[in-house]
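> Could you work out the structure for the sequence below:
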Amino acid sequence: MAVKLLHFQQTIKSITLLFNLLSNLEFLYLILIGFIAGFINTLAGGGSLLTLPLLIFLGLPPNIANGTNRVAILIQNAFGIAGYKSKGVTTFPFSIYLGIAALLGAIIGAQIAVDIKGELFNKILAVVMILVVAFMVVKPKNLSNIHERITGKHLWLGIIIFFFIGIYGGFIQAGTGFLILMALTTINQFSLVKSNATKTVVVLIYTFAALAVFIYNDKVNWEFGLVLSIGNATGAWIASRWSVKKGDKLVRIFLVLVVIIMAIKLWFF
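Got it, this is the predicted structure:
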């Protein structure tokens, strides 16, 4: 009897150790992918195309994965802003105006995301992934910042457009960075460096509203969100201090391949 009890205890101990190992591996995946996502998000955008599917594959329902991802996004952009500021890159108060407009839109978008069914969300995410990949392939060349346009009609046009970007960002976040960069480089003619610096402020501001909606509806897994934020924040800090003009083509190719695989997985499985 004692031998059987000892064997049972050893079995339970082995299962517990295995569970802890798997949990640690989950955390390792979250930190690693979070780092890549934070780096990519700060240089360009699309990092949530990696973190959202990862959170879903780790067992979170799509709408909770969406809310959980916002924890990492919030912390990531706080570190990104600090990194850009340490290099003297800022677009205050212009970025605040755009951020407030996006915040109002994000409240609407986040509420839609909370109520949407998981299966439909997966298909929308898959379509968004493909569209973002298409944009990455035909991505327009960067514009210089010689003739920046941040007043008058260009300011108001930006505010209106960022309200709608906020709706999309509040809804899904994935790929929002590309929309922001496209708007800032075409409407306001910002350089890519200034566009990214502005983007970190805008996303930080509207993420407060989006995350609040998800928290209110109990759609956040704090354990995964905080662990993921470790990677996101580290990646954002490093990327924000790099020269954005030295974009890594290998990272871009890697992201395209991963996005295609994730989109197929979400759509068909």
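> Tell me which stretches of the stretch 1-150 of the chain form helices.
Per DSSP state H, counting those that start in this stretch, the stretch 1-150 of the chain carries helices over the ranges 2-43, 48-57, 62-86, 94-115, 118-137.
> Quick one: list the elements packing against the shortest one.
Applying 3 or more Cβ pairs under 8 Å, 6 or more residues apart in numbering; DSSP states H and E, one finds that helix 48-57 makes contact with helix 2-43, helix 62-86, helix 118-137, helix 222-240, helix 249-268. Heads up, the C-betas are built off the backbone N, CA and C, glycines and all.
> Then the third one?
Using 3+ Cβ pairs under 8 Å, 6+ apart, the elements in contact with helix 62-86 are helix 2-43, helix 48-57, helix 94-115, helix 118-137, helix 192-216, helix 222-240.
> about what we covered before: now tell me which of the helices of the stretch 1-150 of the chain the model trusts least on average.
In terms of mean pLDDT, the lowest-scoring of the helices of the stretch 1-150 of the chain is helix 118-137 (a mean of 67).
> Asn232 and Ile36 touch, don't they?
No - Asn232 is not in contact with Ile36 according to Cβ atoms under 8 Å; the separation is 9.3 Å.
> show me the contacts for Gly47.
36-41, 177, 232, 235 (Cβ atoms under 8 Å, 6 or more residues apart in numbering).
> Can you tell me which of those residues has the most neighbours?
Highest neighbour count within the contacts of Gly47, by other Cβ atoms under 10 Å: Asn232, with 34 neighbours.
> For that residue, give me its contacts.
Listed by Cβ under 8 Å, 6+ apart, the contact partners of Asn232 are 34-35, 37-38, 41, 47, 51, 72-73, 75-76.
> ok, now with 7 Å
Taking Cβ atoms under 7 Å, 6 or more residues apart in numbering as the criterion, Asn232 is in contact with 34, 37-38, 72-73, 75-76.
> could those residues go into CSV alongside distance to Leu104?
Rendered in CSV, the data for the contacts of Asn232 read as follows (distance: Cβ to Cβ, whole Å):
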residue, distance to Leu104
Gly34, 28
Ala37, 26
Gly38, 26
Ala72, 23
Ile73, 18
Ile75, 22
Gln76, 22
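> Generate a ChimeraX selection restricted to the buried subset of these.
To isolate the buried members of those in ChimeraX, using 16 or more other Cβ atoms under 10 Å:
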select :34,37,38,72,73,75,76
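> Show me which of the contacts of Asn232 is closest to Asn217.
For Asn217, the nearest member of the contacts of Asn232 is Ile73. The distance, counting by Cβ to Cβ, is 17.2 Å.
> List the contacts of the residue lying closest to the closest one once chain neighbours are set aside.
By the measure of Cβ to Cβ, 6 or more residues apart in numbering, the closest residue to Ile73 outside its immediate chain neighbours is Thr207, 5.2 Å from it. By Cβ under 7 Å, 6+ apart, the residues touching Thr207 are 70, 73-74, 77.
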